[in-house]
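A.B. asks: Generate a structure from the sequence data that follows.
(chains A, B, C and D)
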There are 2 protein chains.
Amino acid sequence: MDRSDALDDPRLTLAGLFFETHDGLTAHLSRRLEADFGMSHQTFEVLLRLARSPDQRLRLSDLAAQVTMSASGLSRAVDRLELEGTVARVACPTDRRSVYAALTDEGRARVDALLPTHLEHLEEEFTGPLDAADRADLERILRRLRDHVNPEAVRASTFADDAVPR
Amino acid sequence: MDRSDALDDPRLTLAGLFFETHDGLTAHLSRRLEADFGMSHQTFEVLLRLARSPDQRLRLSDLAAQVTMSASGLSRAVDRLELEGTVARVACPTDRRSVYAALTDEGRARVDALLPTHLEHLEEEFTGPLDAADRADLERILRRLRDHVNPEAVRASTFADDAVPR
DNA sequence: CCCTTATCATTGCGTCTGCAACCATTGTTT
DNA sequence: AAACAATGGTTGCAGACGCAATGATAAGGG
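C.D. replies: Numbering: from 1, shown residues only, chains lettered A, B, ... in the order given. Below is the predicted model of the structure:
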């Protein structure tokens, strides 16, 4: 309580809470994904995005934007998934610079197998302690924040969306 | 829209929104911290925690828990900070296994110098688009989630807290 | 049409991270 | 008090990431 009372700034508190929650959550989820399926959380996010995309495929650069990774990081991630057999690189017919990452049948099966367990984990670690009103508030606020920090994402979007707060 | 409509599960939507927001936010903040001060976001969190702790110091294991890092990761992070001169390792008098990480005067000066700019960034990227009610809702919800995923943190806590939603 | 600029993906390199193994110290059991 | 278990920290190792440089293709301007 000398100089720098800025340490108690409410914005800092809120941000700290946000990061702490995120880190705790991903720690739990990562451990469980790793233990149950030998898969990192990032990898899972990649597969999930592909599963939700039209024709189960996405250009590498778009995928990178959606999961907030660098182009190089994603390229290597796709390398690993390709070795695993869950994703295949497919040439883009209209632009020879671009490459699609496409979910294979095995990849899709993998996601389908993972999902129920993952949803249980989410329920336990994340949505469990929140009632319906909390979840609605959180969704509304996160949408606003997401649109602000990542306006690009709106186009291909998290998905369906337009699920307006109502 | 075949099998696996689980892809549209609202829990998954909410989690996706949460991670996307987090990643976007840290991407922005990291870039700015790196550009303005040559410091990673993790490193900044470490210094911040120390600055807020009694006597500006914390045992390595407690610090690791607070910033959600492994013991090894944190040990090396402290190595780097020690080289930089912002943190010093101090032997714990009551338990010879433990080591304190203590903020040096230079470290404290560094934090004081960083903070105003960082708060501006937070305002721009994070709290800006939220009105007072949103911020209150978000804080309430995050506290509940944080306590759920990281119950340990409550003791030494993010800090002051008891700032009840009111 | 050619030349310049921008975009997409990949690779070399350095850095950060976690896991597991390890050593030192503390607490506990008998 | 001796043996055993638990805790705190550090280090070897390998995995994953981002940045910058590179090569290929596409788009625009004169």
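A.B. asks: When you work out contacts or count neighbours from here on, use the C-alpha atoms and nothing else.
C.D. replies: OK.
A.B. asks: for chain A, what spans make up the helices?
C.D. replies: For chain A, applying DSSP state H gives helices covering A:10-37, A:41-52, A:60-67, A:71-84, A:105-122, A:132-149.
A.B. asks: Go through these and name the closest to A:V99.
C.D. replies: helix A:60-67 (6.1 Å; Cα to Cα).
A.B. asks: ok and that closest one relative to helix A:41-52, angle-wise?
C.D. replies: 120 degrees (axes from the mean of the first three to the mean of the last three Cα atoms, to 10 degrees).
A.B. asks: Would helix A:60-67 count as contacting DNA strand D?
C.D. replies: No. Counting by Cα under 7 Å from any atom of the strand, DNA strand D has no neighbours in helix A:60-67; the shortest distance is 8.3 Å.
A.B. asks: Same list, the helices of chain A, but as TSV with mean pLDDT, distance to B:S70 and mean neighbour count please.
C.D. replies: TSV is the format used below for these (pLDDT from 0 to 100; distance: least, Cα to Cα, whole Å; neighbours: other Cα atoms under 10 Å in any protein chain shown):
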stretch	mean pLDDT	distance to B:S70	mean neighbour count
helix A:10-37	87	11	18
helix A:41-52	94	17	19
helix A:60-67	93	24	19
helix A:71-84	96	23	15
helix A:105-122	91	22	16
helix A:132-149	89	28	18
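A.B. asks: So A:E45 is in contact with A:M69, correct?
C.D. replies: No. Counting by Cα atoms under 8 Å, A:M69 is not a contact partner of A:E45; they are 11.1 Å apart.
A.B. asks: Tell me which residues are up against stretch A:106-120.
C.D. replies: Applying Cα atoms under 8 Å, 6 or more residues apart in numbering or on different chains, the contact partners of stretch A:106-120 are A:33, A:37, A:47-48, A:51, A:85-87, B:4, B:6-7, B:11-12.
A.B. asks: Out of those residues, which is nearest to A:A132?
C.D. replies: For the contacts of stretch A:106-120, the nearest to A:A132 is B:R11 (11.4 Å; Cα to Cα).
A.B. asks: before we move on, back to that, need the max-distance pair from the contacts of stretch A:106-120.
C.D. replies: A:G85 and B:R11 (27.9 Å).
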